[in-house]
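> Sharing a model prediction with you, sequence too.
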Amino acid sequence: MKKAKIYKPNKSPMQSGTGKTDKWLLEYETNNPTKNPLMGWESSNDTYTELKLEFSSKELAINYAKKKKINFEIIEPRKRKTVKKSYADNFLR
């Protein structure tokens, strides 16, 4: 059976905004990964691991997985703490 995880991606550490983090992804997990003896890379003959399906909501991703009979795990996103700061706070201490 195929196993997948459904999650909302984190923002890239190279960006300050939250762009491209509103979609939910369904990503298949690797079955029987092997290590390439020459380069040391992890490889697999399972091509499903190369797929990342995007959905606009969590419910759509769950419905797709159930329809295709895919075992799935949902990883809920954590809430970000935002601290509002003012430029003047740098000089008040």
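Happy to help now that I have it. A quick note: this is a predicted structure, and the numbers were derived from the prediction, not measured. Residues are numbered from 1 along each chain as shown.
> could you say what helices and strands the lowest-mean-pLDDT helix or strand in the chain packs with?
Taking mean pLDDT, DSSP states H and E as the measure, the helices and strands of the chain show their lowest mean at strand 42-43, namely a mean of 80. Strand 42-43 makes packing contacts with strand 34-35 when contacts are defined by 3 or more CB pairs under 8 Å, 6 or more residues apart in numbering; DSSP states H and E. To be clear about C-beta, it is placed using only N, CA and C from the backbone, and glycine gets the same treatment.
> who does the strand it packs on pair up with?
Using DSSP bridges, strand 34-35 pairs in its sheet with strand 42-43 (antiparallel).
> what residues does the partner strand touch?
Contacts made with strand 42-43 from outside it, assessed by CB atoms under 8 Å, 6 or more residues apart in numbering, are listed as 30, 33, 34, 35, 36.
> cool, stretch 32-40 as well?
By CB under 8 Å, 6+ apart, the residues outside stretch 32-40 that reach it are 41, 42, 43, 44, 46.
> ok, now with 10 Å
Where contact means CB atoms under 10 Å, 6 or more residues apart in numbering, the residues beyond stretch 32-40 that reach it are 41, 42, 43, 44, 45, 46, 49.
> Touching, the last one and residue 31? I think so.
Just to be clear, that refers to residue 49. Yes - distance between residue 49 and residue 31: 7.9 Å, which falls inside the contact criterion (CB atoms under 10 Å).
> which one of the two has more residues nearby?
Set side by side, residue 49 and residue 31 show unequal neighbour counts under other CB atoms under 10 Å, the larger going to residue 49 at 16 against 13.
> Need the phi and psi values for that one.
For residue 49, the backbone dihedrals are phi -70, psi -20 (criterion: degrees, to the nearest 10).
> Near the residue nearest to it when sequence neighbours are not counted, how many other residues are there?
Of all residues not flanking residue 49 in the chain, residue 30 sits nearest, at 4.8 Å (CB to CB, 6 or more residues apart in numbering). By other CB under 10 Å, 13 other residues sit near residue 30.
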